[in-house]
Structures are given as C-alpha cells and as structure tokens.
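Trainee: What would the 3D arrangement of this be:
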Amino acid sequence: MNIYLPIAEMSVSVALFLGLGWAVGFLSGLFGVGGGFLLTPLLIFMGIPSAVAVGTGSMHIVASSVSGAIAQYQRNNVDIKMGLVLVAGGVFGSAIGVGIVRILRDIGQFDLFVALSYVTFLGAVGALMMIESVGTIRKARSGQPVSTRKTGQHSWVHGLPFKMRFHRSKLYISVVPPALIGAFVGFMAAVMGIGGGFVMVPAMIYLLRVPTNVVVGTSLFQIVFVMAVTTVLQAVQNQTVDVVLALLLIIGGVIGAQLGAAAGGRLKGEQLRFLLAALVILMCLRIGWDLVTRPDELYSITPLLGVAK
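Mentor: Residues are numbered from 1 along each chain as shown. The predicted model follows:
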C-alpha cells in the first residue's frame, strides 16, 4: 500500500518506510545514538529531498530516542545532571544550525554541504572508533590488561574553570567541555538531521571519561530534547518536516528501540563501539561513492520547499 507525502510531494510504500523506521530505532536503542546518521542518507537514497530528509529525520529521532532513553533510565544508565548541561549547549547550537540551513538552501548548496559533512565527519569518527575498538578487542582476547579510567586520573579537562560534580558519572569536571560538545552536536543535528550520538558517544568516553554504560543513556537523554527543539525550528522556519513520513518512521522506530536496548545489554562496550564504527564507515563510503560517480540524471528540476510563492 502506498501513501502520499504532502511535504516531500511523492508517493511511497507504507511497509518499506515502517521497516526503515524499525531498523533505525533498533540501532538507536542498541548504540545509544539517534540513528540519524543512517536514516537521513537512506531517505535521500530513496528519493526524499535532502531538506525534507533532514527535517523529518529529526522528528523520528525524537520518538525513537524517547523510547530508548526510557529503557536506559530504567537501567540507571542516565546522568541527568550531565544531560542537562549537554542539552543547554545543544539548543544553542541547533538554533545556529537552522539558520545556516536556510542560508544554504537560498544559495542552492544545501545538498552538497550535507554530503560533504557526512563524508568528513563519518569518515573521521568511524576510523578513530574502529582503530580503538579493534585494539581493545585484541587485548581482551590475548589476555592483556585493557586500559580503563582510574579513580583520580586527570587530563587537561580537569584544569578548566566552572567545575561541577556529576555523581552518576563519578566525575568532577568543568561544564565547559560538555556544553561545547552539546553545542557542536546540536549544530550537526540541524544541518545534517542526526542525533549526533556517533560524535557524542566517543567524545564523552575519551574526552570526558564518562563510563560507557552511562554514556549510552545520557546521550539518548540529550538527543531527545535537542532534536525536539530542532524539529520545531525546522518546521517553523524552513517548513521541511513531513509529518506523514515521520509517523511511518516513528511507528516502526519506537518498537525497534526497545528491542535494541535489550540487545545492547548483552554486548560489551568495545563490541558496541566496533559495530557502530563499521556502520559509520559503510555509510561514509556509500555517500562518498555518490559524490565521485556520474549521476544518472545530469540535470533535474525540483520545486524549492519552504519558499514563499
């Protein structure tokens, strides 16, 4: 059965997009990410306009992340205090990002910017995560001690001002780094349609030294609020949120997130990072391939969404 999408202005298969929402929701619960790094490119590959894919993807991420965040909270894996600091920075970054989206669409460079952003960030983050996770897995299998965060271990982060104690994460650090991480993730959420978990998760683990199990839940907590704000801003300022498409993705995503959270509890932290890195790298390669290959249609004419007539 097909259904018409009023904002994307096209007809799509209901079953196909329900399945897509389920798959992305499962990844959200499994890895503690919003799934936007996978959802937005897949929507674009299926013919959804880039601006609509970004705006609608943020609405889906809110729903799937709520389900995953609740599951993680029940497991006591959410640092509320740390999450609020990340949300404050994320809302600020998101507001800036939505303005940038409007500018890029006005000059006709939004599609190219999205593709280059995905290749750059996904490639760098995926490669670093893959190298680290493979090294950790090899040490564990060979019986070598795996380095972990020790009590009292300090880095340059501990020398920054405005310190705050985060009891769940067992940290006493400056609020500046988490606020900046949140702002950067909020900006990417607006311009790339992603929750930013593939950046936030490694940043919290390696920069802030937050325990891996707490990172997953806290990341989802931040994603819920930042993506909610981003969705509202995209709908009001850019008119690129297709509610019909979002509902199809949400129905499948809510179910998938619960199953993903349960599956994630059976895997070790380094195994989760390895699988996430593999997905990130594969998506990066797919987008990069589209940038360098000759398109089937050299020219196309499409309406400008959200432009006053």
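
Trainee: what pairs with Ile173 across the strands?
Mentor: Beta-bridge pairing for Ile173 (DSSP bridges): Met164.

Trainee: So it is in contact with Ile181, correct?
Mentor: No: with contacts counted by C-beta atoms under 8 Å, Ile173 stays clear of Ile181, the gap being 11.8 Å. (Each C-beta comes from the backbone N, C-alpha and C, glycine too.)

Trainee: Need the overlap of contacts for these two.
Mentor: Leu208 (C-beta atoms under 8 Å, 6 or more residues apart in numbering).

Trainee: could you pull out the helices for this protein?
Mentor: Assigned by DSSP state H, the helices in the chain fall at 14-31, 36-45, 50-74, 80-106, 110-142, 176-192, 197-202, 212-233, 243-264, 269-292.

Trainee: wait, which of those helices is closest to Met164?
Mentor: Of all the helices of the chain, helix 80-106 sits nearest to Met164, with 7.3 Å by C-beta to C-beta.

Trainee: Show me what the closest one is packed against.
Mentor: Judged by 3 or more C-beta pairs under 8 Å, 6 or more residues apart in numbering; DSSP states H and E, helix 80-106 is in contact with helix 50-74, helix 110-142, strand 163-166, helix 176-192, helix 212-233.

Trainee: Reformat the ones you listed into TSV and put mean pLDDT, mean neighbour count and distance to Leu84 next to each item.
Mentor: Formatted as TSV, the helices and strands packed on helix 80-106 follow (pLDDT from 0 to 100; neighbours: other C-beta atoms under 10 Å; distance: least, C-beta to C-beta, whole Å):
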stretch	mean pLDDT	mean neighbour count	distance to Leu84
helix 50-74	78	27	13
helix 110-142	78	17	24
strand 163-166	77	14	10
helix 176-192	85	24	10
helix 212-233	82	26	9
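
Trainee: Now tabulate the ones you listed in CSV and tack on distance to Glu9.
Mentor: Converted to CSV, the helices and strands packed on helix 80-106 look like this (distance: least, C-beta to C-beta, whole Å):
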stretch, distance to Glu9
helix 50-74, 9
helix 110-142, 17
strand 163-166, 46
helix 176-192, 22
helix 212-233, 20
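
Trainee: can I get the helices of the chain in TSV with distance to Arg168?
Mentor: Listed next are these as TSV, based on distance: least, C-beta to C-beta, whole Å:
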stretch	distance to Arg168
helix 14-31	20
helix 36-45	26
helix 50-74	11
helix 80-106	7
helix 110-142	23
helix 176-192	13
helix 197-202	16
helix 212-233	6
helix 243-264	18
helix 269-292	17
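
Trainee: I'd like to know which of those lies nearest to Ile7.
Mentor: helix 50-74 (5.6 Å).

Trainee: From the contact counts, what lies against that closest one?
Mentor: Counting by 3+ C-beta pairs under 8 Å, 6+ apart, helix 50-74 packs on helix 14-31, helix 36-45, helix 80-106, helix 110-142, helix 176-192, helix 212-233, helix 243-264.

Trainee: Redo those helices as TSV? Include distance to Asp290.
Mentor: Formatted as TSV, the helices and strands packed on helix 50-74 follow (distance: least, C-beta to C-beta, whole Å):
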stretch	distance to Asp290
helix 14-31	18
helix 36-45	8
helix 80-106	18
helix 110-142	7
helix 176-192	15
helix 212-233	25
helix 243-264	21
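
Trainee: Please identify which of those helices is closest to Ile281.
Mentor: Closest to Ile281 of the helices and strands packed on helix 50-74 is helix 110-142 (C-beta to C-beta; 4.0 Å).

Trainee: Determine how far that closest one lies from the middle of the whole chain.
Mentor: 14 Å (C-alpha atoms, centre = their mean, to the nearest Å).

Trainee: orientation of that helix relative to helix 176-192 in degrees?
Mentor: Between helix 110-142 and helix 176-192, the angle comes out at 130 degrees (axes from the mean of the first three to the mean of the last three C-alpha atoms, to 10 degrees).

Trainee: Give the other helices and strands that helix 110-142 contacts.
Mentor: helix 36-45, helix 50-74, helix 80-106, helix 176-192, helix 197-202, helix 269-292.

Trainee: and the angle for that helix with helix 50-74?
Mentor: Going by the same axes, to 10 degrees, helix 110-142 makes 30 degrees with helix 50-74.

Trainee: For Ile251, list the residues it contacts.
Mentor: 18, 21.

Trainee: how near is it to Val14?
Mentor: 10 Å (C-beta to C-beta, to the nearest Å).

Trainee: Please apply the same query to Gln222.
Mentor: Where Val14 is concerned, Gln222 sits at a distance of 31 Å (C-beta to C-beta).
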